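A.B. asks: sequence plus predicted model, see below.
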There are 2 protein chains.
Amino acid sequence: MLLDYGLIVDVETTGLDPEKDKIIEIGLLEFAVYSDEEAKITSMYSQLEDPGTSLSPEIIKITGITETLLQGKTIDWSLVGSYFSQASIVIAHNMEFDRAFLMKKDEIKKTQCHWACSIRHIDWKKYGFKSQSLNYLACDQGFVNPFPHRALFDCATTFQVIKKYIHELVHNSYQKQYEIQAVGAPFELKEKLKQNGYFWNPRKRLWCKILFADQLQGERDFLKEEIYRGNLRHEESLID
Amino acid sequence: MLLDYGLIVDVETTGLDPEKDKIIEIGLLEFAVYSDEEAKITSMYSQLEDPGTSLSPEIIKITGITETLLQGKTIDWSLVGSYFSQASIVIAHNMEFDRAFLMKKDEIKKTQCHWACSIRHIDWKKYGFKSQSLNYLACDQGFVNPFPHRALFDCATTFQVIKKYIHELVHNSYQKQYEIQAVGAPFELKEKLKQNGYFWNPRKRLWCKILFADQLQGERDFLKEEIYRGNLRHEESLID
């Protein structure tokens, strides 16, 4: 039985800051989700867009996209908006990044779509994957992304790696998630934090972990006993 | 230097006959051709279309496309037309097939595009490839098509395999080609015909070969001496 349509989206940009950087390519992959069979691709779109600024050598190296290639190119944002309108869920690999850039576009903002992240809404560790990097996930599932960092190929690779876990991803995307920040954790305990799934946030300069509401109490217990030795100092914040 | 934009197109259909069968999926891959660097993808589009008829079990098996998947789906033919209008050349792997279906659409017919075939306008044999089948060409170049017979993935695979040979393909597509039919060739000489690049046409029930104008005289000599022993009986026809 056909349940719903989902959309996988990826953008390539001139840099990491959604406030000052711009989109140079979009990839959209629409798929159908079934109750009783594998998810299947229904439609795809990809287009370049000239940002009107120059590209850094790093971006050219990562994406293979050059200024010449972008000349005269524009994304059909009303077409992109119609893809967003038709989808019940919009998925990106590292959703915060793509969402921040896309929400700057009125055509997308007004669709009020529900977002999901194929990094944090699938428990990759549980399935034995050692990395959540898109190309490593593909590699561990036996295939290769022919054009990494070209938007639609990243969408197709995402589709391939999440296909088996799509129902888990959809379910988890509707659950509340929290970020725990291990503020003031002793330096010598960093290995213990790492082993427990904490990642280093270089901007905030502290160890963080993302988890669901029902995992919060267990985490508090761990921090109290193993990290803070009685005095809880961590911070918890709901993330979207 | 940017020379031109090309378009690779592929259609999935309900069957082999353009007179009675219908398109169920289209894939379009637009790319930029340079004089001094590798061709690069600029834009892609893929969409399903409900043909209003049932699908044969064979088509479902080959493509993975089901009737449920097609429900309510339509191709945006005016968007497809705009891709055709912008391209200097339209390429398909086994062009005659895709062209026959696409030329039924007014939006495409009116663009009067120039077509090329990535099977017969590249001399694959010269480069040591034993098969011109799309997935075998990919395999011989070290990669795998993740979704064979899903239109856009066939386009992307075609792009990957022709990228190195794009200038030869464009050049050859502007040369006149002829089909030679070895009418009445003795049965016992079929191995000789095969070795010389003839393929069996099951519909016409004879051995055929496609070649360029400047190869015609050499071929006539071969046929006269080796096949017909003096009496030329073959037929030559200009193909488009």
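C.D. replies: Everything's here; your move.
A.B. asks: chain B contacts on chain A?
C.D. replies: Residues of chain A lying close to chain B by C-beta under 8 Å from any C-beta of the partner chain are A:2, A:32, A:34, A:40-48, A:64-66, A:68-69, A:71, A:73, A:79, A:143-144, A:146-147, A:150, A:152-153, A:156, A:160. Backbone N, C-alpha and C define where each C-beta goes, glycine included.
A.B. asks: who are the contact partners of the residue sitting nearest the centre point of chain A?
C.D. replies: Nearest to the geometric centre of chain A sits A:Asn94, at 1.7 Å (C-alpha atoms, centre = their mean). Each residue near A:Asn94 by C-beta atoms under 8 Å, 6 or more residues apart in numbering or on different chains is listed here: A:Cys117, A:Ile119.
A.B. asks: domains of chain A?
C.D. replies: Chain A breaks down into these domains under automatic domain parsing: A:2-173, A:177-239.
A.B. asks: the ones you listed into TSV, with extra columns for mean pLDDT?
C.D. replies: Putting those into TSV (pLDDT from 0 to 100) gives the following:
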stretch	mean pLDDT
domain A:2-173	95
domain A:177-239	90
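A.B. asks: save those as TSV, and put in distance to B:Glu58 too.
C.D. replies: TSV is the format used below for those (distance: least, C-beta to C-beta, whole Å):
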stretch	distance to B:Glu58
domain A:2-173	18
domain A:177-239	46
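A.B. asks: leaving out the residues flanking it, which one is nearest to A:Leu102?
C.D. replies: Closest residue to A:Leu102 apart from its sequence neighbours, by C-beta to C-beta, 6 or more residues apart in numbering or on different chains: A:Ile108 at 4.9 Å.
A.B. asks: got the CA positions of stretch A:95-114 in CSV?
C.D. replies: The C-alpha coordinates for stretch A:95-114 follow below in CSV (Å, rounded to 0.1, in the frame of the first residue of the first chain):
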residue,chain,number,x,y,z
MET,A,95,19.4,18.6,7.7
GLU,A,96,20.3,21.7,9.7
PHE,A,97,22.7,22.8,7.0
ASP,A,98,20.4,22.4,4.0
ARG,A,99,17.3,23.6,5.9
ALA,A,100,19.1,26.9,7.0
PHE,A,101,19.8,27.7,3.3
LEU,A,102,16.5,26.6,1.9
MET,A,103,14.3,28.4,4.5
LYS,A,104,15.7,31.7,3.1
LYS,A,105,13.5,31.1,0.1
ASP,A,106,9.9,32.2,0.3
GLU,A,107,8.7,29.4,-2.1
ILE,A,108,9.9,26.8,0.5
LYS,A,109,9.3,28.6,3.7
LYS,A,110,5.6,28.9,2.9
THR,A,111,5.2,25.1,2.4
GLN,A,112,5.8,24.6,6.2
CYS,A,113,7.2,21.1,5.4
HIS,A,114,8.2,18.6,8.0
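A.B. asks: pull out the buried positions in it.
C.D. replies: Neighbour counts over stretch A:95-114 (16 or more other C-beta atoms under 10 Å in any protein chain shown) mark A:Met95, A:Phe97, A:Asp98, A:Arg99, A:Ala100, A:Phe101, A:Leu102, A:Lys105, A:Glu107, A:Ile108, A:Thr111, A:Cys113 as buried.
A.B. asks: for chain A, which segments count as strands?
C.D. replies: Ranges of strands in chain A, per DSSP state E, are A:2-13, A:23-34, A:40-48, A:89-92, A:115-117, A:177-181, A:199-201, A:206-212, A:235-239.
A.B. asks: what residues sit buried inside the first one?
C.D. replies: The reference is to strand A:2-13. So strand A:2-13, judged by 16+ other C-beta under 10 Å, has buried residues A:Leu2, A:Tyr5, A:Gly6, A:Leu7, A:Ile8, A:Val9, A:Asp10, A:Val11, A:Glu12, A:Thr13.
A.B. asks: what about the residue nearest to the last one when sequence neighbours are not counted, how many residues nearby?
C.D. replies: In space, A:Thr13 comes closest to A:Asp21 once its chain neighbours are excluded; the distance is 5.0 Å by C-beta to C-beta, 6+ apart. Here the number of neighbours of A:Asp21 (other C-beta atoms under 10 Å in any protein chain shown) works out to 17.
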